Structure formats: C-alpha cells, structure tokens
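>>> Below are the sequence and a predicted model; questions follow.
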Amino acid sequence: MGVAALCTENLSKRYGRLLALDDLTLDVAPGEVFGFLGPNGAGKSTTIRLLLGLARPTSGRAWVFGGDAADVAAAHRRLAYVPADVALWPRMTGAEVLDLLGRIGPGVDTVYRDELVERFALDLAKPAGTYSTGNRQKVALVAAFATRAPLLVLDEPTSGLDPLMELEFRRAVAAARDNGQTVFLSSHQLAEVEAVCDRVGILSAGRLVEVASVAQLRRLHRTEVAATFTGAPPDLTGVPGVDGLHSNGAAAVRFTLNGPPAAALRALADAGVATIAVREPSLEEIFLAYYGQDAR
Ligand SMILES: Nc1ncnc2c1ncn2[C@@H]1O[C@H](COP(=O)(O)OP(=O)(O)OP(=O)(O)O)[C@@H](O)[C@H]1O
C-alpha cells in the first residue's frame, strides 16, 4: 500500500487534567471518504486541529501524505480545510473572499468553482458580513472543493445547510472521490455519513472505540427480523444467533439476529413462512447503542 493520506500514531492531547484525545492511531487511505463521529466533546475538533498543525500534540505524531503534520507549510499545500464555524472577512464580497481563499490554497479549478457557486446558489455580489451561517459555510465549502486539493478536511461541514444544499454537498463529496481526493469529515449528521463515507471512526471521550466500513458496522449489530406464517410459527428458542424473541399473535414472530443467519433461516424455512421482513439498523441506531440516548 502507498503512503496514507492521513496517519496518526498514539496521538494524544491533554488540556490540563482533561485528556481530550487519548492515544489515537488511525490511517486514512488516499481516495477514501472517512467519517469521524462522536458526541459533543468527544475530541473530533481536537483531532482535526492536531492534523492541521493548529495545536501541538501532548504525545504521538501525525502525518499528511507522509509528511509531518507539524510542517504546516508543506502539509497545507496538499489540503483544504473547512472549519466548523466559518468566519469570513465581513467587508469583502463573496467573490472577493473566494478569490482570496483560492490564492491561499493549493490551486483552483475555476470552471468547477463557478459550477459549484451555481449549484450552491451563492450570491457572490453581497458583502460576506451579510451572509447567514449557512451561506458562510457554503463559501468555505465551495472554496475547498474548488481547490481539488488531494485532501479535504471538513469539520461538521453541513451543520448549517438546508436539505437541498446538503444534497449538493453529497454530490461534491462524490465528485471529490471520483477525482481521487481524500475526504476526512467530522459530523453529527448520521444520514450524511451513511450516504457519503466509505469508513467511519467512532470517538468516545477521546478514545477511538470503532473503525469500520458502514456496511461492517451494520453487520456488527443486530438485524431485526419479523415473519408471519401460514400455520403455527416455529419454536426458535435456542436457535444460534436468535435473540429477543417475541411472538406477535398466533402466527407471527419478531426477533433480532446476531452473526450468521443460516440456522435461523433453516428454522424459518421448515415452517410455512408467509411474509418476512429483515431490517438493518441505521447508523443512527448503532450510534445511539454506543452512547445511549444522550448522543447527538
Ligand atoms: N483549548 C482548549 N482548552 C481546554 N479544553 C479544551 C480546549 N479545546 C477543547 N477542549 C476540551 O476537549 C474536549 C474535546 O473537545 P472537541 O472540541 O475536540 O470535541 P468535539 O468532538 O469536536 O465536540 P463537538 O461535537 O461539540 O464539536 C472537550 O471536553 C473540550 O471542552
């Protein structure tokens, strides 16, 4: 495998007595869209600040395409960053801000930038000081996507966007992926992570508790099965993988399935199945299972 787009080794950050990031070891491959999830205060922004050289690690190291993340000038030639709270120069128009941001980054695809301005319905003639939160976020996103930087680091990129704009965001991430760019995004929007990410990392109180593809993450969790029968339902007690068995009336059962489904399917097939519904948990349900109802 080639050099990772992002790599951290035992990366930790302590603020006084608080260990905001605890021993993070993570690789993000070039071309990957990686989602970083966690409730408020889990350490997502801290990680991003360390990756960008905006904060110094207490211990451990981080690399951007093989170069030390602390070498900010070199790392930032290969990445574009959108912060969670976008601040723009209030007296400059949107167009002037885009020009300025374009000159800071690793080069701009101006044709693509104009297309994004249209798609994100940005009015570039207005002073940035009059923009809403969502519009400031759109300017920063357009500036980042238009750079075609090999790495895009996006901190809660759609928190201020309406659903239509969120769709445009997803299209832009898909285009970035098709273009071979790497995207590292932190998010609370689980539907978005599910829609755009190849892999997700779940952070809890500064520790990485899971890294998996969205599909793997779903497989690690229970599948819900509901079946009705033409005659008497089978007795599924003790069938490997079957849990939480409920009978829904005389000819229906509901249960959760863990691991390989073969034994349960055999038991169902031996009875006369009239209907069967199999439901995978959403990322939101998986996330809530990690954090309880307090998770956001
Ligand atoms: N400069 C700082 N000084 C002291 N504590 C800090 C500082 N920055 C972050 N923290 C603490 O570190 C922890 C992690 O914060 P961080 O902003 O990384 O979380 P997050 O996962 O990005 O949260 P959110 O989803 O709310 O943005 C929090 O407890 C926060 O209060």
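Okay, I see it.
>>> hey, where'd the strands end up in the protein?
6-15, 18-28, 33-37, 59-64, 67-68, 79-82, 151-155, 182-187, 199-204, 207-213, 223-229, 242-247, 252-257, 273-279 (DSSP state E).
>>> between the last one and strand 223-229, how many degrees?
Relative orientation of strand 273-279 and strand 223-229, computed by axes from the mean of the first three to the mean of the last three C-alpha atoms, to 10 degrees: 170 degrees.
>>> returning to that earlier point: put together TSV for the strands of the chain, with mean pLDDT and mean neighbour count on each row.
(C-beta placed from N, C-alpha, C; glycine too.) Conversion of these to TSV gives the following (pLDDT from 0 to 100; neighbours: other C-beta atoms under 10 Å):
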stretch	mean pLDDT	mean neighbour count
strand 6-15	97	18
strand 18-28	96	19
strand 33-37	95	25
strand 59-64	96	19
strand 67-68	94	14
strand 79-82	92	22
strand 151-155	96	24
strand 182-187	95	25
strand 199-204	92	22
strand 207-213	91	16
strand 223-229	89	18
strand 242-247	88	13
strand 252-257	90	18
strand 273-279	90	12
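>>> ok, how many other residues are close to the closest residue to Val196 other than its chain neighbours?
Spatial nearest neighbour of Val196, excluding adjacent residues (C-beta to C-beta, 6 or more residues apart in numbering): Val173 at 4.6 Å. Residues within reach of Val173, counting by other C-beta atoms under 10 Å, total 24.
>>> Am I right that Val173 is in contact with Glu32?
No: applying C-beta atoms under 8 Å as the test, Val173 and Glu32 come out as separate, 11.6 Å apart.
>>> Quick check: neighbours shared by the two?
Applying C-beta atoms under 8 Å, 6 or more residues apart in numbering, one finds that Val173 and Glu32 are jointly contacted by Val183.
>>> got a pLDDT number for Ala295?
Looking at Ala295, its pLDDT stands at 40.
>>> so how far is the ligand from Ala251?
Separation of Ala251 from the ligand (C-beta to the nearest ligand atom, to the nearest Å) stands at 47 Å.
>>> Give me the spatial nearest neighbour of that residue, chain neighbours excluded.
Distances taken as C-beta to C-beta, 6+ apart place Phe229 nearest to Ala251, at 4.7 Å, with adjacent residues excluded.
>>> so who does that neighbour touch?
Counting by C-beta under 8 Å, 6+ apart, Phe229 has contacts Ala251, Ala252, Val253, Ala271, Gly272, Val273, Ala274.
>>> thinking again about what came up before, mind listing what the residue nearest to Val196 touches?
Val173 neighbours (C-beta under 8 Å, 6+ apart): Val33, Val183, Leu185, Val196.
>>> can you give me the helices in this structure?
44-51, 72-75, 94-104, 110-119, 133-147, 163-178, 190-196, 214-220, 262-270, 283-291 (DSSP state H).
>>> I'd like the average pLDDT over the shortest one.
To tie it back to what came earlier, the one meant is helix 72-75. Mean predicted confidence for helix 72-75 is 88.
>>> how much distance is there from it to the middle of the chain?
Distance, stretch centre to chain centre, for helix 72-75: 24 Å (C-alpha atoms, centre = their mean, to the nearest Å).
>>> Can you pull the residues of the chain lying near the ligand?
Counting by C-beta under 6 Å from any ligand atom, the chain comes close to the ligand at Tyr15, Leu18, Ala20, Gly38, Asn40, Gly41, Ala42, Gly43, Lys44, Ser45, Thr46.
>>> How many residues are close by the fifth one?
To tie it back to what came earlier, the one meant is Asn40. The tally of other residues near Asn40 (other C-beta under 10 Å) stands at 9.
>>> Return the distance of it relative to Ser204.
Per C-beta to C-beta, to the nearest Å, Asn40 is found 11 Å from Ser204.
>>> returning to that earlier point: for Glu9, find the nearest of the helices of the chain.
Nearest to Glu9 among the helices of the chain is helix 44-51; the distance by C-beta to C-beta comes to 11.8 Å.
>>> Take the closest one, keep the C-alpha atoms, and write them as PDB.
What follows is helix 44-51 as a C-alpha-only set of coordinates in PDB (Å, rounded to 0.1, in the frame of the first residue of the first chain):
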ATOM      1  CA  LYS A  44     -13.200  15.400  16.900                       C
ATOM      2  CA  SER A  45     -12.200  19.000  16.600                       C
ATOM      3  CA  THR A  46      -9.200  18.500  18.700                       C
ATOM      4  CA  THR A  47      -8.100  15.700  16.300                       C
ATOM      5  CA  ILE A  48      -8.600  18.000  13.300                       C
ATOM      6  CA  ARG A  49      -6.600  20.800  15.000                       C
ATOM      7  CA  LEU A  50      -3.700  18.400  15.600                       C
ATOM      8  CA  LEU A  51      -3.900  17.200  12.000                       C
END
